[in-house]
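1. I would like the atomic coordinates for the input below:
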Amino acid sequence: MACGYVSAEIGAKLGITGQTVNVHIKSIYKKLHVHSRAQAVNFAVHTGLI
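-> Residues are numbered from 1 along each chain as shown. The predicted structure follows:
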């Protein structure tokens with residue numbers, strides 16, 4: 001996500017569908033209490049996850 005890949009590209013790299021990637025991304029949003037990819041990436045950068 002942080003590199004700007006769309007769900008289909010992420011899925012292709014992981015061997016899963018883009019739809020499955022979206023399910024996992026939504027789960028990440030809930031856990032991080034964010035509402036967008038930008039917020040999730042910002043959170044990850046500021047907490048040292050990436």
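
2. which residues of this structure fall in helices?
-> 7-14, 18-32, 37-47 (DSSP state H).

3. so for M1, which of those sits nearest?
-> helix 37-47 (5.5 Å; C-beta to C-beta). C-beta: built from backbone N, CA, C; applies to glycine.

4. how far does the closest one sit from the chain's center?
-> Mean-position distance between helix 37-47 and its chain equals 10 Å (C-alpha atoms, centre = their mean, to the nearest Å).

5. which regions of the protein sit below the pLDDT cut-off?
-> Applying pLDDT under 70 to the chain flags no residue at all.

6. go with 80
-> 1-2 (pLDDT under 80).

7. dump the helices of the chain to JSON lines, plus mean neighbour count and distance to M1.
-> Output for these, formatted as JSON lines (neighbours: other C-beta atoms under 10 Å; distance: least, C-beta to C-beta, whole Å):
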{"stretch": "helix 7-14", "mean neighbour count": "14", "distance to M1": "7"}
{"stretch": "helix 18-32", "mean neighbour count": "13", "distance to M1": "7"}
{"stretch": "helix 37-47", "mean neighbour count": "14", "distance to M1": "5"}
